[in-house]
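# With the sequence up front, the predicted model follows.
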Amino acid sequence: MEMEDWTFPPRYDRSYRPDPSSRYWFPVRETMPAGDRDAAIVKRLQEVCTYAYKHAPFYKRNWDEAGFHPDQLKSLEDFEEKVPVIKKPDLRASQADNPPFGDYLCIPREDVYHVHGTSGTTGRPTAFAIGRNDWDAIANAQARVMWGMGVRPGDTVFLAAIFSLYLGSWGALAGTERLGATSFPFGAGASGMSARAVSWMSQVRPTAFYGTPTYALHLAETAIKEGLEARDFGLRQLIFSGEPGASIPSVIEKLEAAFGAKVFDAGSMAEMTPWMNAAGTLESSPGMLLWQDMVYTEVCDPATFRRVPYGSRGTPVYTHLERTSQPMIRLVSGDLTIWENEPNPCGRTYPRLPLGVFGRIDDMFTIRGENVYPSEIDSVLNEIPDYGGEHRIHITRDGAMDELLLRVEPSPDAHADATRAQKFKDEVGRRILKTLALRTAIELVEPRSIPRTDFKARRVVDDREVFRELNQKLHSG
């Protein structure tokens, strides 16, 4: 089979599974020379762009304005230079003008099989319309990646993430089912679920766990409170998405020590599902591989959206290669990462994000001229033994100066010992200064006084806008 019959639209045999001893789901596609794959991707991009130009007024309009036509696409360089990027506000505007799915929906409304979307906590939510064939392609792609993580038929995957509009949970469920493993869609979000999750894992003893790293660490703490040890659950794989952390060495060390299982970082964007198109494998974690034959990924300069050389930082720009309902073509992620193209221990010939995704460029804040990413602070704290597991970053303004306050939980033992607590506080201040080149106020708070979350942790509180509003009111009065 040529690239395992890689056609567009894809038509996968739902009964197909590789031999359990095989490292690869699709051996040819995953290990072919990168140059051969790039040539195949160019052909696929021609098909995808021709399809979108024909079926989506959104793309035809934007590409006509940019002077691009799919017939012009002859190389990856043409794609990068001639195809304009799209951003999330473009999708929201399209859906506002053409509700509910926007004029980039390429299938008849009656062919929509699943509807998911963003939470809409800020601004208009984005609706995701997924056709039946797309759902099958998503399930196959997620199964491929989970296979690379070592999940096999007969394993049990404990899905500890919210089952609502959030697409990541459903993608993990679809992949588990397609792979032939047993799914345990426990969910998350309701009061008291953490203790119940620990109880169920103790009884059922799943082999794999899916959720966020923050929630997994919380469950490890909950297990201890319940008189249990997370290592005794029998987990082999910890699969994470939804927030940075599972590629940070200090966080990986904590998770693997708590559960006795291997950590896998995964994820891109809900709009780009299969969101595991960036994910580690059994031999190639930590870090993530870019499964380029599912979703073609360029790491680009955030200002020019031109690809940066391997070894450089940039923002991922994603293009669907197997989706037909709402295909995303050069969608800017707004995340920050670094990529490389060295040989992978697993033998797959994909580029790699050795440090995963650092965080969102939007999350970066500037203090006294210095750019700060919250993930840098997360990494520093997780390297300190007496860190209690949670913190909050408070940004304020006193007069003309921005101020940074870090509220940190020490471990219960450090909190109970004044000398040890002071040493911990001093160590936090020293390491933060070394990492950020900024003096930061450090305040220790009671252990477990900062609320935990079973979804994405939000640790930055920026009060400068409040200060500006008050200042304006004072001066206007």
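Perfect, thanks for sending it. Residues are numbered from 1 along each chain as shown.
# which residues of the stretch 1-150 of the chain score low on pLDDT?
Along the stretch 1-150 of the chain, segments meeting pLDDT under 70 span 1-2, 119-123.
# could you redo the last one with a cut-off of 90?
Applying pLDDT under 90 to the stretch 1-150 of the chain picks out residues 1-5, 118-125.
# need the helices for it, in chain order.
Ranges of helices in the stretch 1-150 of the chain, per DSSP state H, counting those that start in this stretch, are 27-31, 34-55, 57-66, 76-82, 88-97, 132-148.
# Tabulate those helices (TSV), appending distance to Pro213 and mean neighbour count.
Just so you know, the C-beta spots here come from the backbone N, C-alpha and C atoms, and that holds for glycine as well. As requested, these are exported to TSV (distance: least, Cβ to Cβ, whole Å; neighbours: other Cβ atoms under 10 Å):
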stretch	distance to Pro213	mean neighbour count
helix 27-31	26	18
helix 34-55	31	17
helix 57-66	35	16
helix 76-82	33	16
helix 88-97	24	16
helix 132-148	17	24
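# Show me the one of those that comes nearest Lys434.
helix 88-97 (35.2 Å; Cβ to Cβ).
# which helices and strands sit right next to that closest one?
Contacting helix 88-97 under the criterion 3 or more Cβ pairs under 8 Å, 6 or more residues apart in numbering; DSSP states H and E is no other helix or strand.
# Renumber starting at 4 from here on
All right, first residue 4 from here; so that's helix 91-100.
# Please convert the helices of the stretch 4-153 of the chain to JSON lines, extending it with distance to Phe161.
Below are the helices of the stretch 4-153 of the chain laid out as JSON lines (distance: least, Cβ to Cβ, whole Å):
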{"stretch": "helix 30-34", "distance to Phe161": "27"}
{"stretch": "helix 37-58", "distance to Phe161": "34"}
{"stretch": "helix 60-69", "distance to Phe161": "39"}
{"stretch": "helix 79-85", "distance to Phe161": "40"}
{"stretch": "helix 91-100", "distance to Phe161": "31"}
{"stretch": "helix 135-151", "distance to Phe161": "13"}
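# which one of those lies closest to Asp16?
Closest among those, once you apply Cβ to Cβ, is helix 135-151, at 9.3 Å.
# hey, C-alpha coordinates of the closest one in CSV?
In CSV, the C-alpha atoms belonging to helix 135-151 read as follows (Å, rounded to 0.1, in the frame of the first residue of the first chain):
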residue,chain,number,x,y,z
ARG,A,135,-19.1,11.4,10.2
ASN,A,136,-16.1,10.7,7.9
ASP,A,137,-14.0,13.3,9.9
TRP,A,138,-14.9,11.6,13.1
ASP,A,139,-13.6,8.3,11.8
ALA,A,140,-10.4,10.0,10.7
ILE,A,141,-10.0,11.7,14.1
ALA,A,142,-10.5,8.3,15.8
ASN,A,143,-7.9,6.6,13.6
ALA,A,144,-5.4,9.4,14.1
GLN,A,145,-5.8,9.4,17.9
ALA,A,146,-5.5,5.6,17.9
ARG,A,147,-2.3,5.9,15.9
VAL,A,148,-0.7,8.2,18.4
MET,A,149,-1.9,6.3,21.5
TRP,A,150,-0.5,3.1,19.9
GLY,A,151,2.8,4.9,19.7
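# how far out from the middle of the chain is it?
Distance of helix 135-151 from its chain centroid, counting by Cα atoms, centre = their mean, to the nearest Å, is 17 Å.
# which element follows that helix toward the C-terminus?
Using DSSP states H and E, the helix or strand that follows helix 135-151 in sequence is strand 159-162.
# what helices or strands is the next helix or strand after that next one leaning on?
Downstream of strand 159-162, the first helix or strand assigned by DSSP H and E is helix 170-182. Counting by 3+ Cβ pairs under 8 Å, 6+ apart, the packing neighbours recorded for helix 170-182 are strand 115-120, helix 135-151, strand 159-162, strand 185-187.
# between these, which gets nearest to Arg17?
Closest approach to Arg17 among the helices and strands packed on helix 170-182 (Cβ to Cβ): helix 135-151, 6.9 Å.
# If we go by neighbour counts, what in stretch 430-440 is buried?
By 16 or more other Cβ atoms under 10 Å, the buried positions in stretch 430-440 come out as 430-431, 434-435, 439.
# repeat for stretch 215-230
Per 16+ other Cβ under 10 Å, stretch 215-230 contains these buried residues: 215-226.
# tell me the SS of Gly392?
Three-state call for Gly392 (DSSP: H, G, I helix; E, B strand; the rest coil): strand.
# OK, contacts around it?
220-221, 224, 412, 451 (Cβ atoms under 8 Å, 6 or more residues apart in numbering).
# and which of these is nearest to Trp342?
Of the contacts of Gly392, the one sitting nearest to Trp342 (Cβ to Cβ) turns out to be Leu220, at 27.5 Å.
# Tell me the pLDDT of that closest one.
Turning to Leu220, the model gives it a pLDDT of 91.
# per-residue pLDDT, the residue nearest to it when sequence neighbours are not counted?
Of all residues not flanking Leu220 in the chain, Gly392 sits nearest, at 6.0 Å (Cβ to Cβ, 6 or more residues apart in numbering). If you check Gly392, the pLDDT there is 86.
# where's Gly392 relative to Leu222, distance?
Distance, Gly392 to Leu222, by Cβ to Cβ, to the nearest Å: 12 Å.
# Now tabulate the buried residues of stretch 430-440 in CSV and tack on distance to Ala282 and secondary structure.
Shown next, in CSV, are those (distance: Cβ to Cβ, whole Å; DSSP: H, G, I helix; E, B strand; the rest coil):
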residue, distance to Ala282, secondary structure
Glu430, 34, helix
Val431, 32, helix
Arg434, 30, helix
Ile435, 31, helix
Leu439, 30, helix
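# Any chance of TSV for those, columns pLDDT and distance to His58?
Shown next, in TSV, are the buried residues of stretch 430-440 (pLDDT from 0 to 100; distance: Cβ to Cβ, whole Å):
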residue	pLDDT	distance to His58
Glu430	93	58
Val431	93	54
Arg434	90	53
Ile435	89	51
Leu439	81	48
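# Dump those to a markdown table, plus distance to Glu84.
Listed next are the buried residues of stretch 430-440 as a markdown table, based on distance: Cβ to Cβ, whole Å:
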| residue | distance to Glu84 |
| --- | --- |
| Glu430 | 49 |
| Val431 | 46 |
| Arg434 | 43 |
| Ile435 | 42 |
| Leu439 | 37 |
